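Undergrad: what follows is a predicted structure for the sequence shown.
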Amino acid sequence: MRKQSPLAGRPRSALRRPLQALVMLFAVVVGALTWSAPAQAHGTVVGPPSRAYQCWQKWGNNHTNPAMQTEDPMCWQAFQANPDTMWNWMSALRDGLGGQFQARTPDGTLCSNNLSRNASLNKPGQWKTTNVGSNFSVHVYDQASHGADYFRVYVSKQGFDPKTQTLGWGNLDFITQTGRFGPAMDYRFNVNTSGYTGHHILFMIWQASHIDQTYMWCSDVNFG
């Protein structure tokens, strides 16, 4: 006598449920991978570190420590406003600006690259500074090796106070624009300045090469 299949007699709906569950699980996994991709595809200036990178570097593994509130109040307010600003330090980008940086980035939004989720980076205050001389090296880390059409470098004017003033285009001195960089994970170039002392904001624009994609950052430096 032929043995009956163990599946025989089961309703088709019962057979479909495991398949539907597998399809749903696959969709969730694919969706998670798609969502996380941007966090692994960009970069920032790591030396002197941008505000978001500096906060992530110092407090990322210790971001719930209440000591941050007194030791590093600007990072504290940034973490309170939106921790994703630090977790995605590599994703402060906008697409399709067409080189209209000033026209499409209002005063007071430069440090956040006019991204509302990163608005905490625009706040004036006691941001931690990196000591530099009049001539110093800049290091940009690019996770996906996009390349650069150029980097544009500015320094806040002598007399501008990052502790009390919000940065606008009129507060900046243009220093230099680099040439093109081929795809790489690390870009380094020298910046030559004169006449600056004390706490300043180093403001940089990275025009990526792979598409019209623009990054803007503020790094806090102390000219000795």
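TA: Sure, I can see it.
Undergrad: please, where are all the helices along the chain?
TA: Along the chain, counting by DSSP state H, helices occupy 12-36, 51-59, 68-71, 73-81, 84-87.
Undergrad: how about low-confidence regions in this structure?
TA: Counting by pLDDT under 70, the chain contains low-confidence ranges at 1-41.
Undergrad: hey, what's R152 bridged with?
TA: Applying DSSP bridges to R152 gives these bridge partners: Q177, I205.
Undergrad: show me the contacts for it.
TA: By C-beta atoms under 8 Å, 6 or more residues apart in numbering, the residues touching R152 are 101, 174, 176-178, 204-205, 207. In this view, the C-beta of every residue, glycine as well, is placed from N, C-alpha and C.
Undergrad: let's see if you can find the most crowded of those.
TA: Ranked by the number of neighbours (other C-beta atoms under 10 Å), these place M204 first, at 22 neighbours.
Undergrad: if we can go back for a sec, just the contacts of R152 now: which is nearest N62?
TA: If you rank these by distance to N62 using C-beta to C-beta, M204 comes first, at 27.3 Å.
Undergrad: and T197, how many neighbours?
TA: 10.
Undergrad: that one touches G159, doesn't it?
TA: No - with contact defined as C-beta atoms under 8 Å, T197 and G159 do not form a contacting pair (10.4 Å).
Undergrad: quick one: buried residues of stretch 92-102?
TA: 92-94, 97, 101 (16 or more other C-beta atoms under 10 Å).
Undergrad: dump those residues to CSV, plus distance to P124.
TA: Rendered in CSV, the data for the buried residues of stretch 92-102 read as follows (distance: C-beta to C-beta, whole Å):
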residue, distance to P124
A92, 18
L93, 24
R94, 23
L97, 25
F101, 21
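Undergrad: any idea which of those is closest to F136?
TA: Using C-beta to C-beta as the measure, the one of the buried residues of stretch 92-102 that approaches F136 most closely is A92, at 21.7 Å.
Undergrad: contact partners of stretch 131-144?
TA: 40-48, 90, 148, 151, 153, 184-194, 196, 202, 204, 206, 221-224.
Undergrad: ok, now with 7 Å
TA: In this structure, residues lying in contact with stretch 131-144 by C-beta atoms under 7 Å, 6 or more residues apart in numbering are 40-48, 90, 151, 184-194, 206, 221-224.
Undergrad: of those residues, buried ones?
TA: A residue is treated as buried here by neighbour count (16+ other C-beta under 10 Å); on that basis the buried members of the contacts of stretch 131-144 are 42-48, 90, 151, 187, 191, 193, 206, 221, 223.
Undergrad: which one of the residues you listed is nearest Q77?
TA: Of all the buried ones among the contacts of stretch 131-144, the one sitting nearest Q77 is T44; the distance, using C-beta to C-beta, is 19.6 Å.
Undergrad: so what pairs up with that closest one in the strands?
TA: Per DSSP bridges, residues listed as beta-bridge partners of T44: Y141.
Undergrad: touching, it and N88? I think so.
TA: No - judged on C-beta atoms under 7 Å, T44 makes no contact with N88 at a distance of 9.9 Å.
Undergrad: where's the closest residue to T85 other than its chain neighbours relative to P73, distance?
TA: Residue nearest to T85 in three dimensions, not counting chain neighbours: N118, with 4.8 Å by C-beta to C-beta, 6 or more residues apart in numbering. Per C-beta to C-beta, to the nearest Å, N118 is found 18 Å from P73.
Undergrad: compare these two (neighbour count), which wins?
TA: Neighbours around N118 and P73, counted as other C-beta under 10 Å, are more numerous at N118. The numbers are 24 against 13.
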